[in-house]
Every structure is written in C-alpha cells, then in structure tokens.
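A.B. asks: I would like to see how this sequence folds:
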Amino acid sequence: MNLKFYPVLSAILLAAATLAVQAGSLWCQGNIISSGITEEQLLQACGEPASRNGANWLYKTPGSIPMVVNLGNGVVMFIRDATELDSPDLPFGDPP
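C.D. replies: Numbering: from 1, shown residues only. The predicted model follows:
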C-alpha cells in the first residue's frame, strides 16, 4: 500500500470509531459508557446528569451531542442521541 494513503485511512478509521462511540454509547471523562453497566458505575464515570425524567437521564458533555441514558432495574438499558427525539410528549424519546 502506498504510504500517502495512511493518513486518509487513519482519518476514516477515526471517524468510524467516533461514530461507533456516539451510536448507543456515551463518552464521559475518558470512559465509554454503554448498555449493561449499573447506575452506580454510570454515576461514578459521568457524575450527575444534567436532568432526570424518571428512568431517562440527560447528559450534556461539553463539545458533544447531548445523550439520553435510559435505566431499568438499576442498569443502563440504552443510550441515544437526545437531538433525535421521537415524540414531543416524551421529552427524552422512546427506545430505539
């Protein structure tokens, strides 16, 4: 492979990794948060959310897309982009 393509390949891989983290994951203080971790682990990694609406917690990390974390039985069930809300009646949207 020609060496001039390595920077392009690196940029593509970095962009793909960034999108993977954004889709269903949350980046908090150097930690990748995903479904299956406990509420306690989430609070340790990310601190208190910007707001709570029942089982839906909103995290606003500076420089990142606001994310909604849905909890069930003390465990993260799913994480989604807060800007992609499904319904005005549900301020944090439905699960994907």
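A.B. asks: show me where pLDDT drops low in the chain?
C.D. replies: Within the chain, the segments meeting pLDDT under 70 span 1-23, 85-96.
A.B. asks: roughly how far apart are Phe78 and Met67?
C.D. replies: 10 Å (C-beta to C-beta, to the nearest Å). C-beta here means a position set from N, CA and C on the backbone, and glycine is covered the same way.
A.B. asks: all strands for the chain, in order.
C.D. replies: 25-28, 31-34, 51-53, 56-59, 67-72, 75-81 (DSSP state E).
A.B. asks: give me the angle between the last one and strand 67-72.
C.D. replies: Here strand 75-81 runs at 160 degrees with respect to strand 67-72, directions being taken by axes from the mean of the first three to the mean of the last three C-alpha atoms, to 10 degrees.
A.B. asks: so for Phe78 and Met67, which residue has more residues nearby?
C.D. replies: Remark: of Phe78 and Met67, Met67 carries more neighbours, 24 against 15, as counted by other C-beta atoms under 10 Å.
A.B. asks: the more buried one: what's it in contact with?
C.D. replies: 26, 58-59, 61, 79-82 (C-beta atoms under 8 Å, 6 or more residues apart in numbering).
A.B. asks: quick check on the residues you listed: which are buried?
C.D. replies: Neighbour counting by 16 or more other C-beta atoms under 10 Å classes 26, 58-59, 79-80, 82 among the contacts of Met67 as buried.
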